[in-house]
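> only the shape, not the letters, is given here:
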């Protein structure tokens, strides 16, 4: 087998895996938005007033931002205010970089596991901060 052919296949596997992760995250997002949108709609109907759709518009904005963050089909730029977690692509690239570095140095280590966990925590908005006793706690 030619080396270029192997590189093309590896790229295909990588792209496919990234797409599968994005599909999973997108599906979870959709699953969560269904009840949130329904609650926002009911809240707006009960509240009434000048802007009964205020809560529902907030849900739509959340959906737009999460769509940009997931970037399923590569059509969006990363969120400006996201930092290290500006997009799922940024997180996956960082995780891939850590795994490659660890593989080059002899395998996946505990430090790689911690780095991946830290990146995922950032994606979830959880930053580990030292507690008063020096132990780490979620905030």
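All right, it came through fine. Just so it is clear, the structure is predicted and the values come from calculations on it, not from any experiment.
> closest to the centroid, which residue in the protein?
Most central in the chain under C-alpha atoms, centre = their mean is residue 88, positioned 4.1 Å from the mean C-alpha point.
> I figured that residue hits residue 70, correct?
Yes: using C-beta atoms under 8 Å, residue 88 makes contact with residue 70 at a distance of 5.4 Å. C-betas here are computed from N, CA, C, even on glycine.
> which neighbours do the two have in common?
22, 25 (C-beta atoms under 8 Å, 6 or more residues apart in numbering).
> how about residue 89: what's its closest non-neighbour residue?
If the residues on either side of it in the chain are set aside, residue 89 comes closest to residue 71, at 5.9 Å by C-beta to C-beta, 6 or more residues apart in numbering.
> from residue 45, how far out is the one you found?
Relative to residue 45, residue 71 is positioned 33 Å away (C-beta to C-beta, to the nearest Å).
> just want to know which of those two has more residues nearby.
The neighbour comparison of residue 71 against residue 45 (other C-beta atoms under 10 Å) goes to residue 71, with 18 against 12.
> dihedrals phi and psi, the more buried one?
Main-chain torsions, residue 71, degrees, to the nearest 10: phi 50, psi 50.
> what does the one 4 residues further on give?
Torsion angles at residue 75 (phi, psi; degrees, to the nearest 10) stand at phi -100, psi -10.
> and it, what pLDDT?
Predicted confidence (pLDDT) for residue 75: 84.
> now residue 44: how far from residue 67?
From residue 44 to residue 67 the distance is 22 Å (C-beta to C-beta).
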